[in-house]
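# fold the stuff below for me.
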Amino acid sequence: MMIKIGLVGAGKFAIGHLNSLTKIEGVKIVSICDVDIQRARTAAQKYGAAAYTDYRLMIESEKIDALYICVPPFAHQDMEILAAKKGIHLFVEKPVHLNLKEAKRISSVIKKADIISCVGYQYRYSDVTDKLKKYLKGKEIGSFAGNWLETMPRDRAWWWVKEKSGGGENSFITHLIDLSRYLFGEVKEVFALSRDGLMKGIEGYNIHDASIITLHFQNGIIGTMASSIFFKSDFARKISLEIYCPETVAEYNFFPKQKVKIIEENEKKEMEPGKGKGLSIDEVFIEAIKKKDPSGIKSTYQDGVKTLEIILSADQSIETGKVIKL
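Coordinates of the predicted model:
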């Protein structure tokens with residue numbers, strides 16, 4: 001069975017997926033769309049695909065089984081809906097949108113079309129995450145602290161415009177918020193604060209320099225998510241999720257190396273990726289299509305919408321100074 005793939009977007013994330021997809025047996029890249037025609041043609045030539053600048057024309061003209069949507073948050077229009085209505089399975093890079101109402105509308109169309117959907121929250125698919133989730137099963141979790149402390153990507157001017165990217169919360173810490181949902185369950189309340197004024201002299205810059213998001217889960221677990229983009233270099237970059245239980249602490253680090261450190265009263269140990277590392281998110285998505293079985297998908301579009309709702313609730317909390325109930 002040959003799975004024919006189309007892509008909207010030919011940037012960094014799309015190329016990463018293309019490199020992964022071409023290693024999977026039974027996959028053919030048939031079309032690539034990008035608003036930059038040269039970028040679309042370069043990628044299309046490399047992978048033996050047709051190049052487009054109009055995604056509507058591509059979806060209408062090409063016979064594809066699955067569509068990868070790898071565009072910035074502001075660029076999501078009706079591509080998901082057009083594909084879903086044609087029965088095309090969807091892989092959508094995070095974040096799924098900037099507008100919750102529109103994201104919920106897309107989610108409804110996807111559900112009605114009964115297609116397989118997957119959102120690019122890849123940390124759910126790591127075997128280290130599986131090991132950690134298994135270790136935490138049955139343990140009483142008190143609280144946690146997530147950190148995504150970054151430099152600002154200066155090669156993408158749209159990124160520091162809130163109306164286009166959603167800011168660091170929507171671009172970075174969204175990964176850890178989604179992972180916390182996967183590990184701990186659903187959130188019922190959100191409160192957030194921001195820090196601004198550190199990034200001066202950047203034209204059009206209107207995102208938060210830093211934020212702290214407090215999450216209160218339905219099962220009583222509480223935690224914080226710290227996000228910042230004001231470092232001038234990677235000297236202090238930190239991406240981590242620390243989980244605190246009465247009898248143990250689990251430190252999940254993602255940079256510079258992905259691993260979990262377990263600290264117990266009389267023992268310390270580490271969990272690292274196995275040799276196989278399990279199936280990649282692309283392999284899981286393609287396998288689900290081949291088998292017509294979405295049970296292996298750990299991050300559906302509906303999951304992406306729930307994570308987006310938390311991010312947007314944090315924005316609302318920053319603006320109003322109030323706790324937002326989901």
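# which parts of stretch 101-110 are buried?
The neighbour-count criterion (16 or more other Cβ atoms under 10 Å) identifies Glu102, Ala103, Ile106, Ser107, Val109, Ile110 as the buried residues of stretch 101-110. C-beta coordinates here come from the backbone N, C-alpha and C atoms, glycine included.
# which members of the residues you listed are positioned in helices?
Cross-referencing those with the helices (criterion: DSSP state H) gives Glu102, Ala103, Ile106, Ser107, Val109, Ile110 as the overlap.
# nearest residue to the second one in space, please, no chain neighbours.
Leaving aside its chain neighbours, Ala103 sits nearest to His97 (4.0 Å; criterion: Cβ to Cβ, 6 or more residues apart in numbering).
# show me what contacts that neighbour?
Contacts here follow Cβ atoms under 8 Å, 6 or more residues apart in numbering; on that basis His97 touches Pro73, His76, Ala103, Ile106, Val305, Leu308.
# number of residues surrounding Gln38?
10 (other Cβ atoms under 10 Å).
# got the CA positions of the strand or helix carrying it in CSV?
Taking DSSP states H and E as the criterion, the element that holds Gln38 is helix 37-47. This file holds the C-alpha atoms of helix 37-47, laid out as CSV (Å, rounded to 0.1, in the frame of the first residue of the first chain):
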residue,chain,number,x,y,z
ILE,A,37,7.8,29.4,-5.2
GLN,A,38,11.5,28.9,-5.2
ARG,A,39,11.4,27.1,-1.8
ALA,A,40,8.6,24.9,-3.0
ARG,A,41,10.4,24.0,-6.2
THR,A,42,13.7,23.3,-4.4
ALA,A,43,12.0,20.9,-2.1
ALA,A,44,9.8,19.4,-4.8
GLN,A,45,12.7,18.7,-7.0
LYS,A,46,14.6,17.0,-4.2
TYR,A,47,11.8,14.7,-3.4
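# following it, which helix or strand comes up?
With secondary structure assigned by DSSP H and E, helix 37-47 is succeeded by strand 50-52.
# name every strand pairing with that following strand and say which way it goes.
strand 27-33 (parallel) (DSSP bridges).
# can you point out the buried residues in the partner strand?
Within strand 27-33, the residues that count as buried by 16+ other Cβ under 10 Å are Val27, Ile29, Val30, Ser31, Ile32, Cys33.
# got it, and stretch 138-148?
Judged by neighbour count using 16+ other Cβ under 10 Å, the buried positions of stretch 138-148 are Ile141, Phe144, Ala145, Gly146, Asn147, Trp148.
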